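K.L.:
turn this into a structure:
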Amino acid sequence: MVKLTAEMKSDMNKMKIFPFATSSLSGEPNVVPMNMLILQDDDETVWVVDNFMKKSLSNMKENPQASFYIWSPETEGAYQVKGTVRIETSGPDHEKAREIAQGRKKDLPAKTLIKMSITSVYSVKPGPTAGAKLL
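P.N.:
Below is the predicted model:
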């Protein structure tokens, strides 16, 4: 696993919506807008709270790889974050994620907690370093 840098964390905190991408085992991609991506204190794990996933959840059950990017007009950098996911439907972390989700909006179901361990980060900023592996 790799840890996000201070600049990456700062940029992540400026994001409101994250494009979150998965792929089935056969390679069919899916991307959805997510607003509940929460970087954990270890700086290498991201919690994704599933309220309404269908295709994404199915994909992650088949293929435990996912990706999202960090970029908006307010960010300094532009990053693609890749990782391996674990799916939890019960336990203390799942309950904590449910509390976070329902603290934002009471009627959210917070059905599943996706724990994404960051494995790599790439630059997606235009220019000569576009596509370069950063971490």
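
K.L.:
and the contacts of stretch 52-68?
P.N.:
With contact meaning CB atoms under 8 Å, 6 or more residues apart in numbering, stretch 52-68 is reached by 18-25, 28, 30, 32, 34, 37, 46, 48, 50, 80-87, 109, 111-112, 114, 116. In short, each C-beta sits where N, CA and C put it, glycine included.

K.L.:
now do 7 Å
P.N.:
Contacts to stretch 52-68, defined as CB atoms under 7 Å, 6 or more residues apart in numbering, come from residues 18-25, 30, 32, 37, 50, 80-85, 87, 112, 114, 116.

K.L.:
when you filter these down to buried only, what's left?
P.N.:
Among the contacts of stretch 52-68, those scoring as buried are 18, 20-23, 30, 32, 37, 50, 80-83, 85, 112, 114, 116 (criterion: 16 or more other CB atoms under 10 Å).

K.L.:
inside strands: which ones of those?
P.N.:
18, 20-23, 30, 32, 37, 50, 80-83, 85, 112, 114, 116 (DSSP state E).

K.L.:
and the longest helix for the protein?
P.N.:
Across the chain, the helix with the greatest residue count (assigned by DSSP state H) is helix 92-104.

K.L.:
just the CA coordinates of it, formatted as CSV?
P.N.:
C-alpha atoms of helix 92-104 as CSV (Å, rounded to 0.1, in the frame of the first residue of the first chain):
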residue,chain,number,x,y,z
PRO,A,92,-17.6,-2.0,13.8
ASP,A,93,-16.2,-0.2,10.8
HIS,A,94,-19.4,-0.8,8.8
GLU,A,95,-21.4,0.7,11.7
LYS,A,96,-19.0,3.7,11.9
ALA,A,97,-19.4,4.3,8.1
ARG,A,98,-23.2,4.0,8.5
GLU,A,99,-23.1,6.7,11.2
ILE,A,100,-21.0,9.0,9.0
ALA,A,101,-23.4,8.5,6.1
GLN,A,102,-26.5,9.0,8.2
GLY,A,103,-25.0,12.0,9.9
ARG,A,104,-24.8,13.6,6.4
